[in-house]
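In: Whatever this is, show me its structure:
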Amino acid sequence: MSQAAIAQSPGTEAPDDAVLLQLLDIAERAVSSRSRIPVLSLWHHIPSVALLASHLHLKWPGRVNSLPITPRIGLFPFFGSDFELLSQPLYEAQTAQTERQKARTGRLRIANGAWGRSDLYQDWEQALDRRRSKIGSLILPASSYISIDRVTETGQIKAGNRGSIGKFAPRHAPRPRILVPAKAEVTRQLVREFDGLDLVLVNVQNIRGRQLTRSVEFFLSHISPSVPMLILASSPADLVLTGALNPPALATTVFSAPIPVSSFEVKLVNRDRPLRERQLSFALDGLDTRSALLERLVVQAKRTWWATRQSLVHGTPREAAAFETLCADMTSRLPGEELELLSEVRRLIAEESAASELRQERRQAVIDAALHDSGSRTVLIIVRSDAAADDLRAAISTELGVEPSELFQLGIHVITVFSPWPSMPYDTCITAGYFGTNTIDMLFASRAKKRKLIVDPIEARVAVWDSERRFSAVLDLPPGAVESLRTLTELLEPHACPSSDPISLSSLFPERHTSASFATNPETPGKPLYVCICFADGSARQVPANARFEVLGRKRLQLQSVTAKDLSVGDQVVLLHDDERAAFSEKLLRLLDQGKFRQGSSTRSSWINMIRLVRAQTAISATTIKRELETAGVCVHVTTVNSWLPSSAEDDCGIPDTLPVFLAFASALGIALPEDVLKQWFADIHRLRVDHRKIGRQLARAIRGAYLSRLDPVTVARMEREWGLQAKMLLEAARVAVVDDVIPFTQ
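Out: Next up, the predicted model:
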């Protein structure tokens with residue numbers, strides 16, 4: 001059903017609404033008792049949390065008896081994906097007002113005709129009464145009715161803009177709002193503004209980033225204990241990591257389908273891990289205290305060593321190569337920073353990188369677990385990175401004598417531990433290592449009957465610690481979940497290294513004694529050469545400072561190219577495979593230029609090749625072209641002319657924006673083509689430019705929809721028809737990750 005149909009049919013509910021409806025009774029308990037209630041939907045995402053706030057205004061007003069018809073609701077944390085949900089056209093104006101009128105009538109009967117301040121007609125309802133013929137039938141987003149007000153770090157509230165309907169609202173009339181934090185430091189002043197609200201929704205689902213986790217913990221510890229609150233989690237680890245279970249929280253409310261007890265199997269690999277880890281610890285001992293740069297490099301060395309140990313690739317692991325490049329480059333640039341002290345660490349990482357037999361042992365154990373189980377028709381394999389997934393697919397397809405693309409048809413699916421949770425149950429789920437709490441989440445989210453872990457002794461110890469402290473620590477879990485976690489711990493314990501320190505092993509980034517923050521870290525003196533980008537799901541990526549990423553949401557429904565060093569905490573970044581740097585939109589446009597946009601792309605290539613040929617024959621300069629253009633009445637700067645000239649056989653270049661300038665530029669170059677041909681070329685190139693801009697907006701919507709699991713079959717079919725199957729596959733290969741921290745390595 002389309003969004004419009006849902007909005008026009010108040011008796012029907014969207015699929016997401018079925019889950020949100022279950023929260024109404026819990027919200028009633030929280031509001032009536034003025035308490036905070038942790039809500040746990042075991043290994044099923046609670047979708048569209050932000051819509052619960054707008055539904056209580058526009059779709060379900062009065063459904064929570066203890067809440068006003070126009071409740072004051074806060075959302076924390078708040079990202080671009082939440083704003084996009086509130087910016088989707090879901091509510092027909094007339095239907096929304098009708099629902100509110102029904103709620104008011106019911107409240108008046110209960111209160112014997114006494115009005116409450118928050119039950120009065122809101123300004124948008126008054127605007128609708130005045131302009132019913134103009135806006136009564138419109139289907140508008142929540143942000144058109146309700147102001148999305150942002151609270152800054154100083155406690156200042158910045159009112160949101162309400163499109164379409166806000167401009168008709170009378171001044172000084174009651175104005176509904178949803179309160180959210182600005183992308184700024186989370187301070188006491190910011191938190192204090194949430195103290196007077198009727199309900200606060202805190203979404204902690206799959207939060208693993210250190211900065212975001214600390215921000216949520218700060219918020220929960222400083223907000224008034226009497227503020228009604230729902231803390232929404234999908235995994236027990238969500239509640240433990242964010243401190244959501246600390247007083248004054250009530251007992252956790254669990255709502256989920258029954259969880260059957262599943263079988264587990266543990267396969268031990270790489271038994272030399274404890275000894276090798278001890279050697280690394282000796283090599284790193286004391287280095288992190290010598291300088292801030294060495295401290296960051298030590299942390300990166302630990303991360304690299306872990307990633308190299310868990311790699312499945314045949315060649316040199318990408319993480320090891322990137323760390324060696326980082327160290328070699330910075331050692332040559334910064335001779336006074338004592339970076340030569342890292343020589344032993346670099347040697348140990350190089351040894352691990354060269355130990356292909358260890359990776360082969362782990363890889364073969366995974367393949368055997370996947371293929372030697374005749375009772376499993378569908379198998380899900382969890383790996384650390386996209387590069388590992390590609391390499392494992394190639395290895396399994398070679399073993400079976402098929403193409404990697406055929407594995408899906410055979411029921412073998414390989415995904416990374418940071419992928420969205422599976423939407424279908426599997427017969428068997430296999431993890432190629434232990435990659436943090438996300439690993440246990442994936443095992444349970446797969447709903448597999450058989451669960452197999454391929455781990456080394458250190459990974460087994462960390463898994464035991466996480467299972468006991470971050471999952472079993474949540475009381476009132478269903479019996480099936482409790483029994484499964486107990487079984488997992490008992491099977492891992494005999495293989496776990498007894499002498500490891502699980503806290504230091506599971507926390508690769510050291511604690512920082514700074515306040516919680518959604519903002520970028522204070523600028524570090526010096527120019528960044530490389531940065532480590534940490535994401536809210538727990539993943540990380542080390543890249544050159546000038547590597548470019550596509551960011552969603554800085555400009556609504558647009559992708560913006562941003563350098564790694566300029567990323568901010570809270571940015572939503574589109575990521576492809578771990579070993580790729582190219583911008584996502586560029587790759588999609590390249591595919592479309594070979595298909596749907598072939599004519600315009602071919603014309604543009606012909607134009608650029610002709611410019612190269614003319615310049616090769618005449619060596620005409622940009623200054624000369626500028627003078628010729630001025631003679632023709634076109635005044636442009638020489639840098640603009642340079643942007644229209646490709647500098648080498650591989651370089652792209654810009655194209656004049658208007659036909660007169662295009663023709664004058666061709667004449668200045670001495671291109672002797674008929675004017676009607678040049679006009680047709682310009683028309684083709686201009687159409688290509690417009691198509692590229694449209695695709696950029698559509699791509700942002702599609703990625704957002706895929707990220708929020710809101711792509712309907714019609715949209716998917718249109719993507720296949722208009723973009724081509726390859727483009728659709730490319731879109732599905734991407735994920736959206738929220739930046740949690742940006743750690744620079746400066747010169």
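In: what sits up against stretch 160-177?
Out: 57, 70, 72, 93, 117-118, 120-124, 126-128, 130-131, 135, 138, 140-141, 143-150, 159 (CB atoms under 8 Å, 6 or more residues apart in numbering). Bear in mind the C-beta positions are built from the backbone N, C-alpha and C, glycine included.
In: Can you tell me which of those are classed as buried?
Out: 57, 70, 72, 93, 120-124, 126-128, 135, 138, 140-141, 143-150 (16 or more other CB atoms under 10 Å).
In: so of those residues, which ones are in helices?
Out: Counting by DSSP state H, these place 57, 93, 123-124, 126-128, 135, 143-145 in helices.
In: Quick check: the two most widely separated of the residues you listed?
Out: Spanning the widest gap among those are 126 and 143, at 18.4 Å by CB to CB.
In: returning to what we had before: among the ones in helices among the buried ones among the contacts of stretch 160-177, which has the minimum pLDDT value?
Out: Across these, the bottom pLDDT score, 82, is held by residue 135.
In: That residue against residue 126, yeah?
Out: No - using CB atoms under 8 Å, residue 135 is not in contact with residue 126, being 11.9 Å away.
In: and the residue located most distally from the centre of the chain, what are its phi and psi?
Out: In terms of distance from the mean C-alpha position of the chain, residue 631 ranks first, at 52.3 Å (CA atoms, centre = their mean). The phi and psi values for residue 631, taken as degrees, to the nearest 10, are phi -60, psi -30.
In: Quick check, pLDDT for it.
Out: 88.
In: The lengthiest strand in the chain packs against which elements?
Out: For the chain, the longest strand by residue count, based on DSSP state E, is strand 735-746. Using 3 or more CB pairs under 8 Å, 6 or more residues apart in numbering; DSSP states H and E, the elements in contact with strand 735-746 are helix 210-222, helix 292-309, strand 528-535, strand 572-575, helix 675-707.
In: Quick one: the ones you listed as JSON lines, columns for distance to residue 18 and mean pLDDT too.
Out: Formatted as JSON lines, these follow (distance: least, CB to CB, whole Å; pLDDT from 0 to 100):
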{"stretch": "helix 210-222", "distance to residue 18": "27", "mean pLDDT": "94"}
{"stretch": "helix 292-309", "distance to residue 18": "40", "mean pLDDT": "91"}
{"stretch": "strand 528-535", "distance to residue 18": "30", "mean pLDDT": "88"}
{"stretch": "strand 572-575", "distance to residue 18": "27", "mean pLDDT": "85"}
{"stretch": "helix 675-707", "distance to residue 18": "19", "mean pLDDT": "82"}
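In: what's the closest of the ones you listed to residue 324?
Out: helix 292-309 (8.9 Å).
In: contact partners of whichever helix or strand comes after that closest one?
Out: Where DSSP states H and E defines the elements, the next helix or strand beyond helix 292-309 is helix 318-333. Contacts to helix 318-333, defined as CB under 8 Å, 6+ apart, come from residues 293, 297, 300-301, 303-304, 307-308, 311, 337, 339-340, 342, 346, 349-350, 352-353, 385, 387, 529-530, 542, 578-579, 745, 747.
In: Quick one: mean pLDDT for helix 318-333?
Out: 90.
In: in that helix, what counts as buried?
Out: Result for helix 318-333 [16+ other CB under 10 Å]: buried residues 318-320, 322-324, 326-327, 330-331.
In: who touches residue 592 in this structure?
Out: Contacts of residue 592 (CB under 8 Å, 6+ apart): 691, 695, 723-724, 727.
In: And it, how far from residue 106?
Out: Here residue 592 is placed at a distance of 53 Å from residue 106 (CB to CB, to the nearest Å).
In: just to revisit the earlier point, pull out the buried members of the contacts of helix 318-333.
Out: Neighbour-count burial (16+ other CB under 10 Å) applied to those gives 293, 297, 300-301, 303-304, 307-308, 311, 337, 339, 342, 346, 349, 352-353, 385, 387, 529-530, 542, 578, 745.
In: residues contacting residue 82?
Out: 49-50, 75, 180.
In: Please, which helix or strand holds it?
Out: Applying DSSP H and E, one finds residue 82 within helix 80-85.
In: For that helix, give the mean pLDDT please.
Out: 85.
In: Kindly report the same for stretch 562-571.
Out: Summarised as a single mean, pLDDT over stretch 562-571 is 89.
In: Endpoint to endpoint, it covers what distance?
Out: Using CA to CA, to the nearest Å, one end of stretch 562-571 lies 10 Å from the other.
In: pLDDT below threshold where in the stretch 51-200 of the chain?
Out: Scanning the stretch 51-200 of the chain for pLDDT under 70 picks out the ranges 111-120.
In: quick one: the strands in it?
Out: Under the criterion DSSP state E, counting those that start in this stretch, the stretch 51-200 of the chain contains strands at 73-76, 89-92, 139-141, 147-151, 157-158, 177-181, 199-203.
In: ranking those by burial, who's on top?
Out: Neighbour counts (mean count of other CB atoms under 10 Å) averaged over each of the strands of the stretch 51-200 of the chain peak at strand 73-76, with a mean of 25.
In: circling back to that earlier point, gap between the residue farthest from the centre of the chain and residue 664?
Out: 9 Å.
In: Likewise for residue 163?
Out: Here residue 163 is placed at a distance of 41 Å from residue 664 (CB to CB).
In: which one of those two has more residues nearby?
Out: Neighbours per residue, other CB atoms under 10 Å: of residue 163 and residue 664, the larger number sits with residue 664, 21 against 12.
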